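Student: sequence and predicted structure are below.
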Amino acid sequence: MKVPLIEIPIATREGIFLARYSENGLAELKFPQVGRARAANQEKAPAQIRGWQRLTEAALKNVLSGRAPKKFPPLDLVGTDFQRSVWNALRKTSCGKTKSYGEIAVAIGKPKAVRAVGGACGANPVPVLIPCHRVLAANGKIGGFSGGLDWKRDLLAREGIKI
DNA sequence: TCCGTATTGAACT
DNA sequence: AGTTCAATACGGA
C-alpha cells in the first residue's frame, strides 16, 4: 500500500526542484521539469516535514554551489538491498572527487557488478544529494545521467571537475 | 526467463 | 584513435 508523498518545490537559481517526502524522510528529489512543477499538499505539511524541507533546501543549494552540505535531511529510500548499498557508497564520495562505476562496485564488495551499479545509479531517487553525478566511466568518459548529461557536466564543473 | 543497462577491458580495424 | 564484442550482476516484465 502506498501513502501519497508530500511534494514541496524548492526554488533555486537553476530552477524549481521538487522534493517528495514520506513520513520517514526525503524520498525523492526531482530536477526542474520542462513542463509544470506543481506543488501538492504543501499546505498540509507537518512541522517535521517543513524542518526536513529546510535541510533539503540548504543541502541542495550547497551542492549547487559546489560545496559539501553540512547537514542532510533523513532519507527514506525505497529500493533493493543492492541499490541501497550502492546509494550508500555514493554518499561517501566527497565533494570535488569522482569515482568510476567499477570503484563503486568494489566498494560494495561486488567488483564484477559494474553494470548493475550503473543501473542502481539510474534508479537513484535523490540525485544531487546522493552524488550520482560524481560517478564517471573508468576511462574518464562522462557516462550518463538520469536528469540529463547537461546537468551532470554542470554539477561537476561547479565542483571544479573537468571531463 | 529474457531483455536492457548511466560498464569494462581487450581485440580488432 | 575509433569500433566491436563478450562477460557480468541486477531489476523489470
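Tutor: Yep, that arrived. Numbers count the residues shown, from 1 in each chain, chains lettered A, B, ... in the order given.
Student: what's the burial count for A:V63?
Tutor: For A:V63, the number of neighbouring residues by other CB atoms under 10 Å comes to 20. Heads up, the C-betas are built off the backbone N, CA and C, glycines and all.
Student: so who does it touch?
Tutor: If a contact means CB atoms under 8 Å, 6 or more residues apart in numbering, then A:V63 has A:P69, A:C95, A:V128, A:L129, A:P131, A:L155 as its contacts.
Student: which residue packs closest to the last one, ignoring adjacent ones?
Tutor: It stands for A:L155. A:H133 (4.4 Å; CB to CB, 6 or more residues apart in numbering).
Student: ok, the one you found to A:G96 distance?
Tutor: Here A:H133 is placed at a distance of 12 Å from A:G96 (CB to CB, to the nearest Å).
Student: and these two? which has more neighbours close in?
Tutor: With neighbours defined as other CB under 10 Å, A:H133 and A:G96 compare such that A:H133 has more, 29 against 14.
Student: contacts only, for that one.
Tutor: The neighbours of A:H133, taking CB under 8 Å, 6+ apart as the test, are A:P127, A:F145, A:W151, A:K152, A:L155, A:L156.
Student: now the residues you listed: which count as buried?
Tutor: Burial by neighbour count, 16 or more other CB atoms under 10 Å: within these this picks out A:P127, A:F145, A:W151, A:K152, A:L155, A:L156.
Student: could you identify the most distant pair in those?
Tutor: A:P127 and A:L156 (12.9 Å; CB to CB).
Student: how about the residues of chain A by DNA strand B?
Tutor: Within chain A, the positions lying close to DNA strand B (CB under 7 Å from any atom of the strand) are A:100-102, A:114-119, A:121-122, A:124, A:127, A:132-133, A:135, A:137-139, A:141, A:143-147.
Student: restrict the residues you listed to contacts with DNA strand C.
Tutor: Here is what survives when these are matched to DNA strand C using CB under 7 Å from any atom of the strand: A:V114, A:R115, A:A116, A:G119.
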